[in-house]
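Q: Kindly generate the corresponding structure for this input.
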Amino acid sequence: KISNVLSGTNNPFYGQKHSIETKEKISLSRKGQLLSEESIKKRTESRKDFKFSEESKLKMSNSAKNKKINKLRMGKKDKKDRPSIQFTDNEIQDILQLRSQKCSISYIADKYNVSATPIKRIIKTYS
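A: Here you go, the predicted structure:
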């Protein structure tokens, strides 16, 4: 098959990348194109038996966990202004230490000028 002969390092475009201009031209040429129902069915059928490898599943899981942890670092205090802050690792450690010293969640939240919710989430996640 030609597809096998021209795949990987045998492909003349292997290792190269499209320029930004070329990507824009390709994008513009495809805008407004509608797929036929037959094409949609073929695409759907080709993906039906697809299974992610265990390695891919693990990568996706780790990525989702990291996103969750980063979201927990965000906090909001005043409903009018809704300023958002991001907690550093040192601040997270400080929050956990204050909590272990029996400081109230509201005290910790006031110290970092955030509501109690992100403090609770950090304590729950890291404890």
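
Q: For the longest helix along the chain, give the mean pLDDT please.
A: The longest helix of the chain (DSSP state H) is helix 54-72. Helix 54-72 comes out with an average pLDDT of 81.

Q: Can you name every helix or strand that that helix contacts?
A: helix 116-126 (3 or more CB pairs under 8 Å, 6 or more residues apart in numbering; DSSP states H and E). Just so you know, the C-beta spots here come from the backbone N, C-alpha and C atoms, and that holds for glycine as well.

Q: got the angle between the helix it packs on and helix 54-72?
A: Going by axes from the mean of the first three to the mean of the last three CA atoms, to 10 degrees, helix 116-126 is angled at 140 degrees with respect to helix 54-72.

Q: Now do the strands in this protein.
A: Along the chain, counting by DSSP state E, strands occupy 74-76, 84-86.

Q: Would you single out the least confident of those strands?
A: In terms of mean pLDDT, the lowest-scoring of the strands of the chain is strand 74-76 (a mean of 53).

Q: how close does N11 sit to Q97?
A: 56 Å (CB to CB, to the nearest Å).

Q: Check what pLDDT S46 gets.
A: At S46, pLDDT is 90.

Q: Could you count how many residues lie near T117?
A: 13 (other CB atoms under 10 Å).

Q: Repeat that for R99.
A: 19.

Q: and it, what does it touch?
A: With contact taken as CB atoms under 8 Å, 6 or more residues apart in numbering, R99 is in contact with 105, 108, 123, 127.

Q: What of E91?
A: Y112.

Q: Mind pulling up the pLDDT for it?
A: The score at E91 is 89. That number is its pLDDT.

Q: now S7: how far from F13?
A: S7 is 11 Å from F13, by CB to CB.

Q: more neighbours, these two?
A: Taking other CB under 10 Å, S7 and F13 do not tie; S7 has more neighbours (11 against 8).

Q: Against D49, how distant is the more buried one?
A: Taking CB to CB, one finds S7 at 21 Å from D49.
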